[in-house]
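**Student:** test case, fold it:
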Amino acid sequence: MDSLVHADIFFFVTTIAVVVVALFAAVALVYFIKVLRRLKEIAEEIKEETLFVRRDIGEARAQMKLEGFKIKQIIDFFSRLVGRRKIKKSRKI
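**Tutor:** Modelled structure (predicted):
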């Protein structure tokens, strides 16, 4: 009879431990999903910016082919990149 009481206590404590561990795992999974979603948003933003940079570089190459190499074109190219970045940051605020 004594061993039956010990077995009941063991299974009761084990059940509580399994439930607590499952709750912690569920909470950790929720936070992990949130992190993955944020990483996806960041990747999308990087993809958009990469497309803008590719387009700008293509325009700069086309102008250099037409007009030849000029320092002013390089300065204009970098000023457009910086200008667009400042505009994008000010929209988020």
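**Student:** what's around R80, how many residues?
**Tutor:** As a burial measure, R80 scores 14 neighbours (other CB atoms under 10 Å). In short, each C-beta sits where N, CA and C put it, glycine included.
**Student:** residues touching it, list them.
**Tutor:** D56 (CB atoms under 8 Å, 6 or more residues apart in numbering).
**Student:** which element is it on?
**Tutor:** helix 71-92 (DSSP states H and E).
**Student:** and the gap between V13 and F78?
**Tutor:** 66 Å (CB to CB, to the nearest Å).
**Student:** now D8
**Tutor:** Taking CB to CB, one finds D8 at 75 Å from F78.
**Student:** centroid-nearest residue for the protein?
**Tutor:** L39 (2.0 Å; CA atoms, centre = their mean).
**Student:** summarise which helices and strands the helix or strand that residue falls within is packed against.
**Tutor:** Using DSSP H and E, L39 falls within helix 2-67. Here helix 2-67 touches helix 71-92, going by 3 or more CB pairs under 8 Å, 6 or more residues apart in numbering; DSSP states H and E.
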